[in-house]
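Chemist: one predicted model, sequence on top.
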Amino acid sequence: MRITAIILTHNESLHIERAIRSIQAFADQIFVVDSGSTDGTTDIARRLGAQVCTHAFVNQARQFQWALDTLDIRGDWVLRLDADEIIEPDLAREIAEKLPRLPTDVVGVNLKRKHIFMDRWVRHGGRYPLRMLRLWRQGHGRIENRWMDEHMVVWGGRTVTFDGGFADHNLKDLAYFIDKHNRYATREAIEVLNQRLGLFAQDGALNARGASHQAAFKRWAKERIYNRIPFTLSATLYFVWRYVFQRGFLDGRSGLVYHFLQGYWYRFLVGARVMELQQAVAHLHDKAAICAELSRLTGHKLVAQSDTSPDVDVGDQRLAPRH
C-alpha cells in the first residue's frame with residue numbers, strides 16, 4: 001500500500017523540514033510543488049528526498065489540482081499536507097496500520113485537525129476537532145475549484161475518520177497571521193460576491209458523503225444563513241457563539257487573541273471587504289465588466305462565466321478541473 005504526499009510551498013523554510021519528517025515513516029513518494037521560493041525551501045526539500053517541481057501560483061485550489069493532474073503519482077493513496085502542518089507519530093502509526101486493512105469501498109479518510117496558536121492548542125470554541133478529508137484513494141478525489149475554503153471531495157465510496165494527532169502549527173509571528181488573513185478576506189469576499197452576483201461557475205461539490213459531515217454542514221450554514229445576515233451583526237454573533245457558548249474562554253489569554261482575531265476581526269473584515277467591493281462595482285451591470293473591475297481591485301484574475309465554459313461540471317465529481 002503506497003502513499004504519495006503533496007505539499008504546496010512558498011518560502012516555507014521554517015516549516016518544510018518538520019512537515020516532511022512527520023510523514024517520512026509512511027509516505028513512499030513526497031512531492032513539493034513550489035511557487036518561487038527564495039528562502040531555500042526547495043533545497044531543504046530535495047535534501048530530505050522530496051521530488052520538487054515549480055509552478056506559477058494562482059490560488060490554492062488550482063495549484064493543487066495542477067499537481068494531481070500533472071505529477072507522476074504512483075501511490076495507491078494520496079495525502080494533502082500544508083507546509084505548516086504536522087502528522088504526529090500516533091497518526092503516522094494509525095495510517096501505516098489501518099490504511100492497508102480498509103475495505104475497498106472506503107475511498108477517503110478524514111483527519112482531526114487541531115490548531116496550535118502561540119504554541120498553545122486551541123481546544124475550544126468549536127476549533128477541535130476540525131474534520132478534514134486529507135487522504136484518499138488515487139483516482140477518487142479532486143479539490144474544489146474555489147478562491148477560498150476549498151475542500152477535497154471524493155467519489156465512488158464512503159469515508160472514515162482516523163483519530164491520531166494532526167496539527168496546524170505555524171511558527172511565524174502575529175504579523176504574518178494578520179497579513180495572511182487579510183489576503184484570505186479578499187479571496188473569501190470574491191466567493192461571497194460570486195454567490196450574490198453569479199459572476200462565474202461556483203464549485204459546490206462538497207457534501208457529507210464526499211468529505212466530512214462537519215465540513216458540509218459548515219459550508220451550508222455559511223452560504224445559506226451567515227452570508228445573508230448583515231456582517232456587523234453576524235460577526236458579533238459568531239464571536240459570542242464561539243467564545244461564550246462553545247467555551248472559547250477556556251483557551252486562556254492566547255485563546256482570546258485567537259478567537260477575537262480569527263472569529264471576530266477576520267469575519268468582520270470579510271464583510272467589510274465585500275461591502276467595499278460591491279460598492280465599487282454597483283454602477284456596472286455586465287458580468288465581464290464587473291469581473292474586470294474586481295480583478296483590478298483584488299489582483300486576482302476573474303473571468304465571467306459568459307466568457308468561458310465552467311471549469312467543473314459539479315454534476316459529475318469525477319471531472320477534475322483543468323487549468
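Modeler: Yes, it's here.
Chemist: first residue to last residue on stretch 150-168, what's the distance there?
Modeler: 16 Å (CA to CA, to the nearest Å).
Chemist: ok, longest helix in the chain?
Modeler: The single longest helix within the chain, with elements called by DSSP state H, is helix 174-197.
Chemist: counting by contacts, list what it packs against.
Modeler: Using 3 or more CB pairs under 8 Å, 6 or more residues apart in numbering; DSSP states H and E, the elements in contact with helix 174-197 are helix 266-280, helix 287-298. The way it works is simple: take the backbone N, C-alpha and C, and place the C-beta from them, glycine included.
Chemist: nearest to His10, out of these?
Modeler: Of all the helices and strands packed on helix 174-197, it is helix 287-298 that lies closest to His10, at 18.5 Å by CB to CB.
Chemist: just the C-alphas of the closest one, formatted as CSV.
Modeler: Provided in CSV are the C-alpha atoms of helix 287-298 (Å, rounded to 0.1, in the frame of the first residue of the first chain):
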residue,chain,number,x,y,z
LYS,A,287,-20.6,40.4,-15.7
ALA,A,288,-17.5,40.8,-17.8
ALA,A,289,-17.0,44.4,-16.7
ILE,A,290,-17.7,43.5,-13.1
CYS,A,291,-15.1,40.8,-13.2
ALA,A,292,-12.6,43.1,-14.9
GLU,A,293,-13.0,45.7,-12.2
LEU,A,294,-12.8,43.2,-9.4
SER,A,295,-9.6,41.8,-11.0
ARG,A,296,-8.1,45.3,-10.9
LEU,A,297,-9.1,45.9,-7.3
THR,A,298,-8.1,42.5,-5.9
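Chemist: next, the angle from it to helix 266-280.
Modeler: Here helix 287-298 points in a direction 130 degrees away from that of helix 266-280 (axes from the mean of the first three to the mean of the last three CA atoms, to 10 degrees).
Chemist: mind listing what's buried in helix 287-298?
Modeler: Buried residues in helix 287-298, counted by 16 or more other CB atoms under 10 Å: 287, 290-294, 298.
Chemist: now these as JSON lines including pLDDT and distance to Val160?
Modeler: Formatted as JSON lines, those follow (pLDDT from 0 to 100; distance: CB to CB, whole Å):
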{"residue": "Lys287", "pLDDT": "94", "distance to Val160": "42"}
{"residue": "Ile290", "pLDDT": "96", "distance to Val160": "43"}
{"residue": "Cys291", "pLDDT": "96", "distance to Val160": "40"}
{"residue": "Ala292", "pLDDT": "96", "distance to Val160": "45"}
{"residue": "Glu293", "pLDDT": "96", "distance to Val160": "45"}
{"residue": "Leu294", "pLDDT": "97", "distance to Val160": "40"}
{"residue": "Thr298", "pLDDT": "96", "distance to Val160": "38"}
